[in-house]
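**Student:** Make a model of this:
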Amino acid sequence: MTSRERVLTALSHRESAGIPIDFWAVPEVYAQLQQDLHLPDKEAVLRHFDVDLRYFNGPTLIASQQAAPPEGVLRDHWGVVRQARTVHGTRRDGTAYSWTYKHLLQSPLAQVSSVAELERYPWPTADLWIILMSRAPAGRCARPGTR
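**Tutor:** As a prediction, this is how the structure comes out:
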């Protein structure tokens, strides 16, 4: 069963040979895996672990009317505010490590206490997206390997 077949089978709520595998990691983790496993790139890491799903950067969101967050702080299209934080430490063998994650600073729905408040939230709508997607034939898109 290919990755595509496994995902489509799961999405249709049918039993398959296995569940689709997903993997997210910060760049430092990918770099360490590439180094330790002697792999050339991120895609090779995903193939090594038989990861079924791939992510791509979607269309750009038109700037919101909200004030821009401070330097180094990111607000996504849902209104979630995060800031990059780096953790440093020492492994048991004495070698140093560091990794960066996006720390949650503000959840826009944290104070919501009723359905009415939730319905008033300014959810992103399709007209806020700038569609810059390629019109390349689907057959030209790379597909994950099979397991």
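
**Student:** What count of nearby residues applies to Phe23?
**Tutor:** Using other Cβ atoms under 10 Å, Phe23 has 16 other residues around it. Bear in mind the C-beta positions are built from the backbone N, C-alpha and C, glycine included.

**Student:** Asp52 is in contact with that one, correct?
**Tutor:** No. Here Phe23 does not reach Asp52: they are 9.1 Å apart, not a contact under Cβ atoms under 8 Å.

**Student:** Please give the element, helix or strand, for Pro40.
**Tutor:** Using DSSP states H and E, Pro40 sits in no helix or strand.

**Student:** Torsion angles phi and psi at the closest residue to it other than its chain neighbours?
**Tutor:** Closest residue to Pro40 apart from its sequence neighbours, by Cβ to Cβ, 6 or more residues apart in numbering: Gln34 at 7.2 Å. Note on Gln34: its backbone torsions stand at phi -60, psi -40 [degrees, to the nearest 10].

**Student:** Gln34: what's it in contact with?
**Tutor:** 40-42, 44-45 (Cβ atoms under 8 Å, 6 or more residues apart in numbering).
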